[in-house]
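>>> dropping the sequence and predicted coords here.
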Amino acid sequence: GESVGLHLPTLSVQEGDNSIINCAYSNSASDYFIWYKQESGKGPQFIIDIRSNMDKRQGQRVTVLLNKTVKHLSLQIAATQPGDSAVYFCAENGGPTGANNLFFGTGTRLTVIP
Amino acid sequence: NAGVTQTPKFQVLKTGQSMTLQCAQDMNHEYMSWYRQDPGMGLRLIHYSVGAGITDQGEVPNGYNVSRSTTEDFPLRLLSAAPSQTSVYFCASSDPDTTYEQYFGPGTRLTVT
């Protein structure tokens, strides 16, 4: 099966600092990557996505970087706020069950210290 | 537009009991899927469907059945619940013609004793 993992299971940052959450993937054939945020007791919410033909994509306060050479994905959150505290998952598409399916990493818990 | 809805929110079953987790979406998405999420783990794909009348297995299909008689509904059935199926279950949908992004429901927390 696919392997999508994270370097750090937990991350604590001071309010106002920037956060960087990392993710490694193993399937060279994946052409779509996505970050989700999951708050306690809720379903995952879309943050940002990126196609494999891009290296960087920016949203509001978030940036995703894709390094296909080393199969690495990162999520940068600028000026982290208490509301950013959550578990963040990266996911990639593809694998033996088809391109429409997403495969998730184990998640990183981000805690913002006021 | 309610998005993806799931019922019930919580359920407790005894070993061997059966039940159906309901999932519905009102976005006219062709693709729907079921995931389970265990503590400290990411979401794992159970079953998925690319359209009405079509279903297929994901990573962890054993112990679960699905059907897709309409575009809107994608129920997940546990025929004989086991403690190993204690988990949080999420349903999701997407429009693969435009994006692989999946929209998730709020989840069903299932405990099997």
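The structure has been received and is ready for your questions.
>>> now that B:Gln25 has come up, it's in contact with B:Ser93, right?
Yes. The pair B:Gln25 / B:Ser93 is scored as a contact, 4.3 Å apart, by CB atoms under 8 Å. C-beta here means a position set from N, CA and C on the backbone, and glycine is covered the same way.
>>> run through the residues that contact residue 107.
You didn't say which chain, so I picked chain A. Counting by CB atoms under 8 Å, 6 or more residues apart in numbering or on different chains, A:Gly107 touches A:Leu6, A:Pro9, A:Gln38, A:Val87, A:Tyr88, A:Phe89, B:Met41, B:Gly42.
>>> I was thinking of chain B, sorry if that wasn't clear
With contact set as CB under 8 Å, 6+ apart, B:Gly107 has these partners: A:Gly41, A:Lys42, A:Gly43, B:Gln6, B:Lys9, B:Gln37, B:Val88, B:Tyr89, B:Phe90.
>>> repeat that for A:Asp55.
Counting by CB under 8 Å, 6+ apart, A:Asp55 touches A:Leu65, A:Leu66, A:Asn67.
>>> for the residues you listed, which single residue is the most surrounded?
Most neighbours among these, by other CB atoms under 10 Å in any protein chain shown: A:Leu66, with 20 neighbours.
>>> now name the helix or strand holding that residue.
Using DSSP states H and E, A:Leu66 falls within strand A:62-67.
>>> tell me the helices and strands packed up against that strand.
Judged by 3 or more CB pairs under 8 Å, 6 or more residues apart in numbering or on different chains; DSSP states H and E, strand A:62-67 is in contact with strand A:32-38, strand A:45-51, strand A:56-58, strand A:72-77.
>>> sorry, back to before: please check the contacts of B:Gly107 and keep the buried ones.
A:Gly43, B:Gln6, B:Gln37, B:Val88, B:Tyr89, B:Phe90 (16 or more other CB atoms under 10 Å in any protein chain shown).
>>> report the two of those separated the most.
Among these, the pair separated by the greatest distance (CB to CB) is B:Gln6 and B:Gln37, at 12.9 Å.
>>> overlap of the contact sets of those two?
Common neighbours of B:Gln6 and B:Gln37 (criterion: CB under 8 Å, 6+ apart): B:Tyr89, B:Phe90, B:Gly107.
>>> the first one and B:Leu43 touch, don't they?
What it means is B:Tyr89. No. With contact defined as CB under 8 Å, B:Tyr89 does not reach B:Leu43; the gap is 9.8 Å.
>>> can you pull the residues that touch both of those two?
Common neighbours of B:Tyr89 and B:Leu43 (CB under 8 Å, 6+ apart) are B:Tyr35, B:Arg36, B:Gln37.
>>> partners of the last one in the sheet?
Legend: beta-bridge partners of B:Gln37 under DSSP bridges are B:Leu43, B:Val88.
>>> check contacts around it.
Residues in contact with B:Gln37 (CB under 8 Å, 6+ apart) are B:Leu43, B:Arg44, B:Ser87, B:Val88, B:Tyr89, B:Phe90, B:Gly107.
>>> check contacts around A:Ile21.
Residues in contact with A:Ile21 (CB under 8 Å, 6+ apart) are A:Leu6, A:Leu8, A:Leu11, A:Trp35, A:Ser74, A:Leu75, A:Gln76, A:Ile77, A:Tyr88, A:Cys90, A:Thr108, A:Leu110.
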